[in-house]
Structures are given as structure tokens and as C-alpha cells.
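>>> model the structure of this input:
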Amino acid sequence: MKPQNLGRQSPTSRKLTTGCEIIDGCLRGGFPCNSLTEIVAESGCGKTQLCLQLSLCAQLPISHGGLDGSALYLHSEFPFPFRRLHQLSRSFHQSNPSIYANHNDNPCDHVFVQNVNSVDHLFDIMPRIDAFVGNTKNRFPLKLIVLDSVAALFRSEFDNTPSDLRKRASLFFKISGKLKQLANNFDLAVVITNQVTDLVESSDGLSGLRIGNLRYLYSSGRRVVPALGLAWANCVNSRFFISRSNETICKENDESGRSSVSIRAQRRLEIVFSPHLPGSSCEFKITPEGICEV
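As a prediction, this is how the structure comes out:
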């Protein structure tokens, strides 16, 4: 069963570049505005790295694939990687000095970080987000909202009882509905990260279909599924999956004749479902300067 894709995303929606050509090519331009895009991955695959890079790329002019705007980063996975953001910001500033040449600011000034401790906390700050996104006095109006991650908000607040599952599903639709409203009303890109869990196969072998996937997903040699189940899968327009595997590299030393073995992490972004993208994937790597093609 393919999850429903609600929203107004169209092939002509504005796209936000990722700053990585191979990923942009896979996504036909980048992450779309006017919709909710989910990045699913286990810890250490690079989903937060990609979100940090998107938060900076939003400041690029539209002619360069950006949104000429700022980013609001709602962070529920503590602690927030401020050191990494500043490292990426320095590299971004060096690559795009003209954006800041006539202003006494830097890229980090336009990435607004808000910690979110729980679902109730998220709903408490929603009115402030409404006011913030409607503020036209900022040099860079808000054009990107990141929620990293949605799974962390539901990690320990609910049991697997029927009543709690119904309540949780209702909250999924409230959260996604509000974010979609903001995306549509203000032409925003909304990116949400999600975690994975190990797949426990049922006796009829239909587990993969029940959680809203069109095929099995693998990462670190394990079969995994996105957290939060089918109810949440129906709340997002697009789902991208980042997997990680290790490649063994053998090198022979010509002088001594000895060989050395090293391990290289391979990261791959796949399109699981999207209303206007075919299924495809690409490999990327993480460097001190950011995410780039291999």
C-alpha cells in the first residue's frame, strides 16, 4: 500500500538545492517547497548533516538554487551540533562571499535554532512560528523549516495500547497539517527527519507493506523500517532514505610488499516515494566542508 501524498506539491514547485550536484540531480533540483519531505536514516548516516547544509543553502539567491531566505531548525535530538554548523558556515561563507559582503553578518545568523522537548512543547511554540514566518522585516524571510527529528518527540510518551496509538496518530496529522499549512501559505520547504527500527518479520511476510514501504530497506547490513509506522507515512509527501554500509579497501605497499586494509563508509540516498520523482538513488560522502558527491 502506497501512502497517500497530500498537499500541493507540483512538478513546478520551487526547489532548494542541497549544495551537492549529484543529490540535486537525483532529486531533479533539490528539496521542494509547498510540501513535507522526510529523510529517514539510522544514526550516523548523515541526515542531520544534510539538514544543516540545507539550512545554509536556503540563503543562496534563487538564481543559484536557494530560496533567498533563512531557516528555522527545530531540534529534538540533543545536543544540537553547533560546532558542526559553524564549521559548515565558514566554508559556506568562503564559497559565497558576495551574499554577506555589504552586511555585518554571517550564515549562522540566519539559521534559527529552537529546542523542542516534547510534542506539547512543539504545539506551544507553533504560534510563535506563525508570527516569525510572517515577519517581513528580516533580511532573509523564513523559507525553510527543519524538524530533526519527529521520532524523538514520540520516543517515550506513548504505549502500544489501542487508545495511545489512536492518540499518537491524531497528533501526527495535527503536526503535519500545521506544517503543510505553513508550507503552502508561505511557499516554504519543510524537511523532517525520522529514525529507523529493525524489521521484525510477521508470519505472513507483509511487514514492509504495512509500514508504508514499497520495498525493503537496508542499512549497515540490517533490514530496517522507518519509525512511527503507516500513520506517519501518510502524513508526508515524499520520503527519502539514507543508508550506510562499509566498504573494505585493500592497498598494497609497493616497497614493502605488505598490504593494508581500511574501511570506507558508503552513504546512499534513495527516493522511497515521491509524487513527482521516479525511484532512484545516488552515493555521497561527508567532508569537513559538507556533503558532496563521491
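>>> ramachandran angles for Ala227?
Note on Ala227: backbone dihedrals following degrees, to the nearest 10 are phi -70, psi 160.
>>> how deep is it tucked in, by neighbour count?
Residues lying near Ala227 (other CB atoms under 10 Å) number 18. Heads up, the C-betas are built off the backbone N, CA and C, glycines and all.
>>> which ones are touching it?
151, 194-197 (CB atoms under 8 Å, 6 or more residues apart in numbering).
>>> show me which pair in the residues you listed is furthest apart.
For those, the farthest-apart pair by CB to CB is Asn194 and Thr197; their separation is 10.3 Å.
>>> more neighbours: which of those two?
More neighbours surround Asn194 than the other of Asn194 and Thr197, with 23 against 15 (other CB under 10 Å).
>>> write down the beta-bridge partners of the closest residue to Gly221 other than its chain neighbours, one by one.
Nearest residue to Gly221 in three dimensions, chain neighbours excluded: Ser245, at 6.8 Å (CB to CB, 6 or more residues apart in numbering). Taking DSSP bridges as the rule, Ser245 bridges to Gln266.
>>> from Val225, how far out is Ser245?
Counting by CB to CB, to the nearest Å, the gap from Ser245 to Val225 is 17 Å.
>>> the two: which is more packed in?
Val225 (21 against 13).
>>> okay, now the sheet partners of the host helix or strand of the more buried one, with direction.
Val225 is part of strand 222-226, with elements assigned from DSSP states H and E. Strand 222-226 pairs in its sheet with strand 196-198 (antiparallel), strand 217-219 (antiparallel), by DSSP bridges.
>>> comparing those, which comes out most buried?
Highest mean neighbour count among the strands paired with strand 222-226 (mean count of other CB atoms under 10 Å): strand 217-219, with a mean of 19.
>>> what does that strand contact?
Contacts of strand 217-219 (CB under 8 Å, 6+ apart): 40-42, 45, 196, 223-226, 241-245, 270, 272.
>>> 7 Å instead?
The contact list for strand 217-219 (CB atoms under 7 Å, 6 or more residues apart in numbering) reads 42, 45, 196, 224-225, 241, 243-244.
>>> with stretch 246-262 instead?
263-266.
>>> any idea which of those the model trusts least?
Least confident of those in the model: Ile263, at 77.
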